[in-house]
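Colleague: no FASTA, just this:
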């Protein structure tokens, strides 16, 4: 009887996980709420992931120092970080792991739009709210309810960046008649170039003289530099998403004596390593469209960032991630719950014009449309001048006046 009883107890104990423990992540400590960050921390896009990590950690530390989530009794926010790696498959796998193994209330990531498209498929299926500053229009064109995009989408970035470049050139007596498109085939780059080819260039009377799209990593930029030298475009729209490829293009342009003003798409062109790789002469005047960048009035934010990270300055990847963590914090306060569904509803209902998130992102308001895009989002045009990239547009937030590179 004793043996039979022990067998029954053991059988019940072994069956218990099947009833729930193995099928659900362990319950979180009631005194904490977990937020996932999925970012590329290895591979070709690791530098961008590092800046994202800086911004997220800074926001979490500030939130906790100010009393945590007050609506949840001062619960501390805990950041759970997952490495998206250097492929869509790795990003999806990392997302699956962190969202199923940890009891997270929301997630943020994954920098490269191709990664984000895959990762958000997982988040939507698991009904975990996801914030991102990835650019691709596709991210918020799928009818998802749990995905929120804080940046202007690629098609808007394309038009804003192009028009500012034309305006700047005109002020210097330069007329833009010929343009080169050079970039990779990742999702944000594809949707950035698409409206250029279809309508934007023709509507402005601009000829497309170079149209080069490659799969990263770029094996050799010689042919690109030769085409640029032969066609002499007035402007180059640069949508290479990783450091090694974009540096190779700039180095080859320098080698072949090609001096073409550049407008990039994204903050990958703004990391300190560019000066070391190609020199200040090549980078001077280089512009890039970004979801965010330190603006006039944000000097204290930048000071705190530099002090804690030892980075020479702050860029989009930290600024936007910092703001997105604060958005999650505000949603938790409204939801008064760590239930992801209630947090999602709170994000969808937000209308913030005060606080760290609203103060960080142009136009200083956080409100989402039904499709998950942030209403009225404005791109920031950033330009290298001297040893640092500065915000030059919109004028209300600019820290430097734009210049046309000669």
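Modeller: Ah, there it is. Keep in mind that this is a model prediction, so the values were computed, not measured.

Colleague: any idea which helix or strand in the protein has the lowest mean pLDDT?
Modeller: Using mean pLDDT, DSSP states H and E, the weakest-scoring helix or strand in the chain turns out to be helix 2-16, at a mean of 35.

Colleague: counting neighbours, what do you get for residue 122?
Modeller: 22 (other Cβ atoms under 10 Å). (C-beta placed from N, C-alpha, C; glycine too.)

Colleague: quickly note the distance from it to residue 109.
Modeller: Distance of residue 122 to residue 109, computed by Cβ to Cβ, to the nearest Å: 11 Å.

Colleague: identify the contacts common to those two.
Modeller: residue 95 (Cβ atoms under 8 Å, 6 or more residues apart in numbering).

Colleague: quick one, strands of the protein?
Modeller: Assigned by DSSP state E, the chain shows strands spanning 32-39, 76-83, 104-109, 130-132, 147-149, 178-184, 207-214, 235-239, 262-265, 287-290, 351-352, 366-367, 380-385, 388-393.

Colleague: how about these in TSV, adding mean neighbour count and mean pLDDT?
Modeller: Formatted as TSV, these follow (neighbours: other Cβ atoms under 10 Å; pLDDT from 0 to 100):
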stretch	mean neighbour count	mean pLDDT
strand 32-39	26	98
strand 76-83	19	98
strand 104-109	28	98
strand 130-132	29	98
strand 147-149	27	98
strand 178-184	24	98
strand 207-214	16	98
strand 235-239	25	96
strand 262-265	24	94
strand 287-290	29	94
strand 351-352	14	98
strand 366-367	21	98
strand 380-385	25	95
strand 388-393	23	95
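
Colleague: pLDDT weak spots in the protein?
Modeller: 1-30 (pLDDT under 70).

Colleague: mind giving me the domain split of it?
Modeller: 32-152+296-375, 155-290+381-393 (automatic domain parsing).

Colleague: and the ones you listed as a markdown table, adding distance to residue 399?
Modeller: Compiled in a markdown table, the domains of the chain are given as follows (distance: least, Cβ to Cβ, whole Å):
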| stretch | distance to residue 399 |
| --- | --- |
| domain 32-152+296-375 | 5 |
| domain 155-290+381-393 | 5 |
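
Colleague: so which of those domains gets nearest residue 404?
Modeller: In terms of Cβ to Cβ, the element of those nearest to residue 404 is domain 155-290+381-393, at 3.9 Å.

Colleague: distance from the chain centre to that closest one, please.
Modeller: Distance, stretch centre to chain centre, for domain 155-290+381-393: 19 Å (Cα atoms, centre = their mean, to the nearest Å).

Colleague: what's the end-to-end length of it?
Modeller: End-to-end distance of domain 155-290+381-393 (Cα to Cα, to the nearest Å): 17 Å.

Colleague: what residues are up against residue 341?
Modeller: residue 127.

Colleague: distance of it relative to residue 98?
Modeller: 18 Å.

Colleague: same thing with residue 49?
Modeller: Residue 49 is 14 Å from residue 98, by Cβ to Cβ.

Colleague: next, give phi and psi for the residue nearest to residue 246 when sequence neighbours are not counted.
Modeller: Leaving out its chain neighbours, the residue that sits closest to residue 246 by Cβ to Cβ, 6 or more residues apart in numbering is residue 240, at 4.0 Å. Phi and psi for residue 240, reported as degrees, to the nearest 10, are phi -80, psi 130.

Colleague: I'd say residue 240 and residue 184 touch.
Modeller: Yes - counting by Cβ atoms under 8 Å, residue 240 does reach residue 184; the two are 5.6 Å apart.

Colleague: joint contacts of these two?
Modeller: 216, 218.

Colleague: how about residue 192: what's its closest non-neighbour residue?
Modeller: residue 154 (4.3 Å).

Colleague: and for the one you found, the neighbour number?
Modeller: Neighbours around residue 154, by other Cβ under 10 Å: 28.

Colleague: how about it, what does it touch?
Modeller: 113, 135-137, 188-189, 191-192, 265.
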